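predicted structure and sequence below. I'll ask about it afterward.
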Amino acid sequence: MTAENYIYSSRDFGKTKSVLEVNMPDRLIHKNVTGGQLDGDFSTDRKHPVHVVDLPTRAISMSIGGLDAGKSTRNHRHSYETIIYVLKGHGHSIVEGQRVDWEAGDAILVPRWGWHQHFNDSEEYCEYIGCENAPMLQNLGLALREEQ
């Protein structure tokens, strides 16, 4: 078993390093994120287009998505936190029953396990960047997502 695949337990507490080592991934760039193919299954399941940034991260993820005019996402929740930065358009989200109105330039926090749904109230395509700590929780076996 390589050090990268080693699973630590409480008996390994004393093996905590005092110095970090750079673990260089095989690539550092995902070119033309929105010009490439959509993540078909992910977009279909979410009912709106989503471009997943494909980089070998272990703790955070990023996606670029959008909603057509007058459309909404499904009501859903997940165990990871999300920050959404609105690039274009305006609309609102319902987060745990609280309405949050947003427009281009705003950032929205979606707390972990909070039910939420996003609505495009504009007459144009709404575009956003979503950043989440999903990979970290997936690597710990703690990532959950539920859709209504």
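Received the coordinates, thanks.

alpha carbons only for contacts and neighbour counts from here, please
Will do.

now do stretch 58-75: distance from first to last residue.
Stretch 58-75 has an end-to-end distance of 27 Å (Cα to Cα, to the nearest Å).

now it, how far from the centre of its chain.
Distance, stretch centre to chain centre, for stretch 58-75: 8 Å (Cα atoms, centre = their mean, to the nearest Å).

ditto for stretch 27-36
The answer for stretch 27-36 is 16 Å, by Cα atoms, centre = their mean.

one more: stretch 16-33?
With Cα atoms, centre = their mean, you get 19 Å for stretch 16-33.

quick one: mean pLDDT over it.
The pLDDT scores in stretch 16-33 average 90.

other residues contacting it?
Contacts to stretch 16-33, defined as Cα atoms under 8 Å, 6 or more residues apart in numbering, come from residues 51-56.

same check, this time on stretch 130-146
57-65, 76-85.

give me that answer again for 6 Å
The contact list for stretch 130-146, computed with Cα atoms under 6 Å, 6 or more residues apart in numbering, reads 58-63, 76-84.

closest one of the residues you listed to residue 36?
Using Cα to Cα, residue 63 comes nearest to residue 36 of those, at 12.7 Å.

what stretches of the chain score poorly on pLDDT?
Filtered on pLDDT under 70, the chain yields the residue ranges 1-5, 38-42.

go with 50
Across the chain, the ranges flagged by pLDDT under 50 are 1.

tell me the centre residue of it?
Compute the mean C-alpha point of the chain, and by Cα atoms, centre = their mean the closest residue is residue 132, 3.8 Å away.

thinking again about what came up before, now a PyMOL select for only the buried ones of the contacts of stretch 130-146.
Buried residues among the contacts of stretch 130-146 (16 or more other Cα atoms under 10 Å), as a PyMOL selection:
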select buried, resi 60+61+62+63+76+77+78+79+80+81+82+83+84
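
so who does residue 88 touch?
Residue 88 neighbours (Cα under 6 Å, 6+ apart): 104, 126-127.

buried ones from those residues, can you make that a PyMOL selection?
Selection of buried members from the contacts of residue 88 for PyMOL, criterion 16+ other Cα under 10 Å:
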select buried, resi 126+127
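
chain neighbours aside, what residue packs nearest to residue 93?
residue 118 (4.3 Å; Cα to Cα, 6 or more residues apart in numbering).
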